[in-house]
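Chemist: Sequence first, predicted model second:
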Amino acid sequence: MIWVFKTTIKNKIQVRKVAPLLNELVLPHGKWNFDLEDCDKILRIENQKMEICESYIVEQLSASGYGVEVLE
């Protein structure tokens with residue numbers, strides 16, 4: 001499964017702050033990365049198992065203080 005999100009994460013410092021959360025959500029069955037050069041500050045998550053859903057990812061990142069929404 002691949003999910004793509006628009007975020008308000010702007011720099012590598014903020015990425016490092018959410019990295020432990022993303023690692024906990026995704027690893028060891030997937031991977032994640034940010035494209036901070038894109039105007040939408042894209043977060044892409046690939047996961048081999050369906051243990052999480054995109055709404056849970058949005059909820060967790062929002063609880064950390066960042067804006068995030070699913071891109072269709």
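Modeler: Perfect, thanks for sending it.
Chemist: Would you mind listing the buried residues in the longest helix belonging to the chain?
Modeler: Using DSSP state H, we find that the single longest helix of the chain is helix 12-26. Buried residues in helix 12-26, defined by neighbour count with 16 or more other C-beta atoms under 10 Å: 14-15, 18, 22, 25-26. For the C-beta atoms, the positions are set from N, CA and C on the backbone; glycine is no exception.
Chemist: Ok, stretch 28-44 next?
Modeler: Those would be 30, 32, 34, 41-43, for stretch 28-44 by 16+ other C-beta under 10 Å.
Chemist: Could you list the low-confidence segments of this structure?
Modeler: 50 (pLDDT under 70).
Chemist: Taking the centroid of it, which residue is nearest it?
Modeler: L43 (4.7 Å; C-alpha atoms, centre = their mean).
Chemist: could I get stretch 65-72 in PDB with only the CA atoms?
Modeler: In PDB, the C-alpha atoms belonging to stretch 65-72 read as follows (Å, rounded to 0.1, in the frame of the first residue of the first chain):
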ATOM      1  CA  GLY A  65       1.000  19.600  15.800                       C
ATOM      2  CA  TYR A  66       1.400  19.300  12.000                       C
ATOM      3  CA  GLY A  67      -1.100  19.700   9.300                       C
ATOM      4  CA  VAL A  68      -1.500  16.700   7.100                       C
ATOM      5  CA  GLU A  69      -4.100  15.600   4.500                       C
ATOM      6  CA  VAL A  70      -4.400  12.700   2.100                       C
ATOM      7  CA  LEU A  71      -3.700  13.500  -1.500                       C
ATOM      8  CA  GLU A  72      -5.800  11.500  -3.900                       C
END
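Chemist: List the buried residues of it.
Modeler: So, applying 16+ other C-beta under 10 Å, buried residues of stretch 65-72: 66, 68.
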